[in-house]
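Participant: Just to be clear, the model below is a prediction. Sequence and coordinates:
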Amino acid sequence: MDLIYLDYNATTPLDPMVSQALKPFLDGFFGNPSSMHDFGRDAALAVMQARKMVASMLNCYPDEIVFTGGGTESNNYAIKGAAHAGMNRGKHIITSSVEHPAVSEVCDFLAAQGFEITRVGVNAFGIVDVEEIRKAIRPTTILISVMHANNETGSIQPIAEISRIARETGVLFHTDAAQSVGKIPVDVTEMGIDLLSVAGHKLYAPKGVGALYIRRGVRLTKFLHGADHESNRRAGTENVIGIAGLGKAAEIVYSRPLAVGSRQSAEAQSTKTPFHHLQFLRDLLHYGIRNEIPEVRLNGHPENRLPNTLSLGFPGVEANTLLPAMKGIAASAGAACHAGEEGVSGVLTAMHVPAEYAMGTIRFSVGRMTTEEEIREAVPIIVKAYRDLIPSIPSLPLNPLKGTYSAAQSYPPEGRNKSPLGDLGVTGISGVKLTEFTRALGCACKIRPQLLEEVLRNLPAVTDPKVLVGPETSDDAAVYQMNETQALVQTVDVIPPVVDDPYTYGMIAAANSISDIYAMGGKPLYALNIVGFPDTRLPLSVLHEILKGASDKASEAGIQVLGGHSVELTEPLFGMSVTGVVEPGKG
């Protein structure tokens, strides 16, 4: 089965027409747009045409478009440029609590420079209260920055209302439109926006290119210094290839109405718009999952959100465990820019999403290339992955969506009662790849030492003089003096799989644990197993091989495994507690 890509909010593939438009600049049109010869003039013409198309897409003048290196640079330029240009009036900036890091981190940077930042909260749907923004405005307020649509939930902010308040009070208004452009109509004139950021790679254009709309009359302090490129607003030779791609992507958006009533001509209007197509696929995915997992929670506004975005909270699991279990599905745990981090998304926290759902939130986002067939294939994969992780959920056959969801019938009614390895056509354990059942490798799963030390500092100090090594070292070991010639040394270590073969994993984990005794200068005496095992995802024969590998490695060290402790987890973990002896002062 081909990989089903449901992560369009993270990035988009190049539109085939964009790819075609790039070819001349890959092969022959390589000139510097600032050069006066024909090569330079050809490149400058391409940049000019792209500027016109981006301006047409946003309904502004071409000279109001500045090309950048991407959405992050556009946000940095808008916010830092407005902040430093407006310092004579004040140093207060208003933003929301659900901004992308490309905005929130910029505000943090400015706060460290003495600017005051007010972060307005959101309601349960992730939408700001316009009146709260009005109340937050002071005489020293110089900028309001609120995103158009949220990258995690898709919730759309009341941009036109916010901009009206900004105009009434003489405050500049910036919006990060990286996620909204190309999905819903974005008209800077109609919305009354002063500054707007565009990211090319969210728009089926290349990565590494973006644009910033700067309304005529708005003055920004530039922060990239050099020659006078982009009308002396952004130094650096233009990325002609990327800009040409962004221009073509903008032309595609402008030529295709996103919704009935949008700015395109009456001849271009259609009742079947890209908006409706994305919404149909998004809702088909939502209904399919919800029919089989009724307890799943929708994050974001049920209606006032991007037509392609579906943020779902799956209770009882962690997103970083559920994602790899959804074989063949590409999606995100919250925002892809920081999806590798543990903990609850800041957006979901601001929305007061219960932790049970926030920890298990997956963001699905469909796009221009997504097909109905892919959605129908994806639903049973997602449902099965969740059922395999949650043993308490009864196994039921998938119900067709209004009699049309035929692909769902392929899901076996016995569901979780079948080994997932059997479903994959794997006999015994020969085909098991343990690293596919975990999200971390080796010691990468450990708590960072500085965080652990902070916790340990708040625990009662160890005062027993016989304790030679205790928690003050942050080691996975302790040494306790028994008499003048002998001390007990005990270590503990647990790691997730670092190899695919269960037997080899057991040997490595055991060697890792036993070696700690030698590192302390001691001699091992015996060991206890520590086991975490997903018995709903893997057969017990896998655990047998892990323990056999560990036992064989312990025998090589001349010790025996005397027992151990096991718990049911959603991913495999194994290690040992090893006890040994050491001469005091030798380790």
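Facilitator: Perfect, thanks for sending it.
Participant: Tell me where the protein is predicted with low confidence.
Facilitator: Across the chain, the stretches falling below the confidence threshold (pLDDT under 70) are 1, 34, 232, 257-272, 334-343, 391-431, 439-457, 463, 470-475, 585-587.
Participant: Next, find the distance separating the residue of it most remote from its centre from residue 255.
Facilitator: Distance from the C-alpha centroid of the chain peaks at residue 484, with 55.8 Å (C-alpha atoms, centre = their mean). From residue 484 over to residue 255 the distance is 88 Å, taken as C-beta to C-beta, to the nearest Å. From N, CA and C alone the C-beta is placed, and that goes for glycine too.
Participant: which ones are touching the nearest residue to residue 569 once chain neighbours are set aside?
Facilitator: Using C-beta to C-beta, 6 or more residues apart in numbering and skipping residues adjacent in sequence, the residue nearest residue 569 is residue 532, 3.9 Å away. With contacts defined as C-beta atoms under 8 Å, 6 or more residues apart in numbering, residue 532 is in contact with 494, 566-569, 571-574.
Participant: One more: residue 299?
Facilitator: Here residue 299 is in contact with 126, 152-153, 311-313, 348, 351, 353, 357, 361 (C-beta under 8 Å, 6+ apart).
Participant: for the residue nearest to it when sequence neighbours are not counted, what are its contacts?
Facilitator: Nearest residue to residue 299, sequence neighbours excluded (C-beta to C-beta, 6+ apart): residue 311, at 3.9 Å. By C-beta under 8 Å, 6+ apart, the contact set of residue 311 is 152-154, 298-300, 361-364.
Participant: Output the longest helix belonging to this protein.
Facilitator: helix 38-58 (DSSP state H).
Participant: Of all the residues in that helix, which ones are buried?
Facilitator: Buried residues in helix 38-58, defined by neighbour count with 16 or more other C-beta atoms under 10 Å: 42-44, 46-47, 49-58.
Participant: same thing with stretch 360-370?
Facilitator: Going by 16+ other C-beta under 10 Å, stretch 360-370 has these buried residues: 360-368, 370.
Participant: Just the CA atoms of it, as PDB, please.
Facilitator: The C-alpha coordinates for stretch 360-370 follow below in PDB (Å, rounded to 0.1, in the frame of the first residue of the first chain):
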ATOM      1  CA  GLY A 360      -3.700  11.900  22.300                       C
ATOM      2  CA  THR A 361      -4.300  14.600  19.700                       C
ATOM      3  CA  ILE A 362      -3.500  13.900  16.100                       C
ATOM      4  CA  ARG A 363      -3.800  16.500  13.400                       C
ATOM      5  CA  PHE A 364      -5.000  15.300  10.000                       C
ATOM      6  CA  SER A 365      -4.900  17.700   7.100                       C
ATOM      7  CA  VAL A 366      -6.000  16.900   3.500                       C
ATOM      8  CA  GLY A 367      -4.900  18.700   0.400                       C
ATOM      9  CA  ARG A 368      -5.200  19.200  -3.300                       C
ATOM     10  CA  MET A 369      -3.800  15.800  -4.100                       C
ATOM     11  CA  THR A 370      -5.800  13.800  -1.600                       C
END
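Participant: so which strand or helix has residue 135?
Facilitator: helix 130-136 (DSSP states H and E).
Participant: Could you point out the helix or strand that follows that helix?
Facilitator: Scanning onward from helix 130-136 (DSSP H and E), the first element met is strand 141-145.
Participant: In its sheet, which strands sit next to that next one, and in what direction?
Facilitator: strand 92-96 (parallel), strand 172-176 (parallel) (DSSP bridges).
Participant: Touching it from outside, list them.
Facilitator: 75, 78-79, 82-83, 86-87, 89-95, 99, 103, 107, 133, 137, 162, 165-166, 169, 171-176.
Participant: Assign residue 284 to helix, strand or coil.
Facilitator: Classification of residue 284 by DSSP: H, G, I helix; E, B strand; the rest coil places it in helix.
Participant: can you tell me how far it sits from residue 376?
Facilitator: Taking C-beta to C-beta, one finds residue 284 at 8 Å from residue 376.
Participant: Ok, residue 230 next?
Facilitator: Taken as C-beta to C-beta, the span from residue 230 to residue 376 is 46 Å.
Participant: if we can go back for a sec, now tabulate the contacts of residue 311 in a markdown table and tack on secondary structure and distance to residue 433.
Facilitator: Shown next, in a markdown table, are the contacts of residue 311 (DSSP: H, G, I helix; E, B strand; the rest coil; distance: C-beta to C-beta, whole Å):
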| residue | secondary structure | distance to residue 433 |
| --- | --- | --- |
| 152 | coil | 30 |
| 153 | coil | 34 |
| 154 | coil | 34 |
| 298 | strand | 33 |
| 299 | strand | 32 |
| 300 | coil | 35 |
| 361 | strand | 26 |
| 362 | strand | 22 |
| 363 | strand | 26 |
| 364 | strand | 25 |
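Participant: following the longest helix of the chain, which helix or strand shows up next?
Facilitator: As assigned by DSSP H and E, the chain's next helix or strand after helix 38-58 is strand 65-68.
Participant: What helices and strands are in contact with that following strand?
Facilitator: helix 38-58, helix 71-85, strand 210-214, helix 229-232 (3 or more C-beta pairs under 8 Å, 6 or more residues apart in numbering; DSSP states H and E).
Participant: Who does the third one pair with, and is each partner parallel or antiparallel?
Facilitator: Looking back up the chat, that one is strand 210-214. Each strand paired with strand 210-214, and its direction, by DSSP bridges: strand 65-68 (antiparallel), strand 195-199 (antiparallel).
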